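Quick one: sequence plus predicted model below, questions after.
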Amino acid sequence: MENLINIFVRSVFIDNMVFAYFLGMCSYLAVSKTVKTSAGLGVAVVFVMAITVPVNYLMNKFLLLPGALSWLHPSLASLDLSFLSFIMFIAVIASIVQLVEMVVEKYSPSLYNALGIFLPLIAVNCAILGGSLFMQEREYETLAEATVFGLGSGLGWFLAIISIAAIREKIKYSNIPKPLRGLGIAFILTGLMGIAFMTFMGIKL
């Protein structure tokens, strides 16, 4: 249990997808103009990551790793399908994103219209794929660890986009120099928030 808490805290604060690795920056910067749309996209990202990371963990463990297919037949123990990781991970992500898009369109048309092209673009959001690749690289031993990591990474991205959206709404009427308005000040704020999140590295886990 303690290990799961450590993985969760680390994925949210220390290894934050945006502030530590700067992944998923395209939708993070484009959608974070209002808190409402940012919250909608953030929830969608949390949902997608919480599902795709454990699904890709199972696929990696029982299909892709060297010897993973030995459960089918002993003659397949020498088979290594790890070279298919990228395409298989992306296929799972695209399928889940399509499901999320259909649900959002049916139950929240206003949010669907507000997110526009950025909702289907979750499928190519590098933070989503990064979660599965980090899971593979860190070689989590159990499905619970992979699930907690996926959920924590999604919540970390959600926290990042909500934070920047709230700040951008507050500074909308501030006297910002013209060359820095819009994306300019957003980049500066992201850098400062990244430095602020570095303080969490002092947490002993």
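Cool, got the structure. Numbers count the residues shown, from 1 in each chain.

Please identify the helix or strand for residue 110.
According to DSSP states H and E, residue 110 maps onto helix 109-115.

Return the helix or strand in this protein with minimum mean pLDDT.
Ranked by mean pLDDT, DSSP states H and E, the helix or strand of the chain with the weakest confidence is helix 109-115, at a mean of 80.

returning to what we had before: and the contacts of the helix holding residue 110?
For helix 109-115, the surrounding residues in contact (C-beta atoms under 8 Å, 6 or more residues apart in numbering) are 31, 36, 37, 40, 41, 44, 101, 104, 105, 119. For glycine as for every other residue, the C-beta is placed from the backbone atoms N, C-alpha and C.

May I have the residues that are in contact with the last one?
The contact partners of residue 119, by C-beta under 8 Å, 6+ apart, come to 41, 44, 97, 100, 101, 104, 112.

ok so, going back, name the residues of the least confident helix or strand of the chain that are buried.
For helix 109-115, the buried set under the neighbour-count rule, 16 or more other C-beta atoms under 10 Å, comprises 111, 112, 114, 115.

Got the confidence number for residue 69?
Reading off the per-residue confidence, residue 69 sits at a pLDDT of 83.

what's the burial count for it?
The number of residues packed around residue 69, counting by other C-beta atoms under 10 Å, is 19.

Looking at the protein, which residue reaches furthest from the middle?
Residue farthest from the centre of the chain, counting by C-alpha atoms, centre = their mean, is residue 75 at 37.2 Å.

Among the contacts of helix 109-115, which are located in helices?
Counting by DSSP state H, the part of the contacts of helix 109-115 found in helices is 31, 36, 37, 40, 41, 44, 101, 104, 105.
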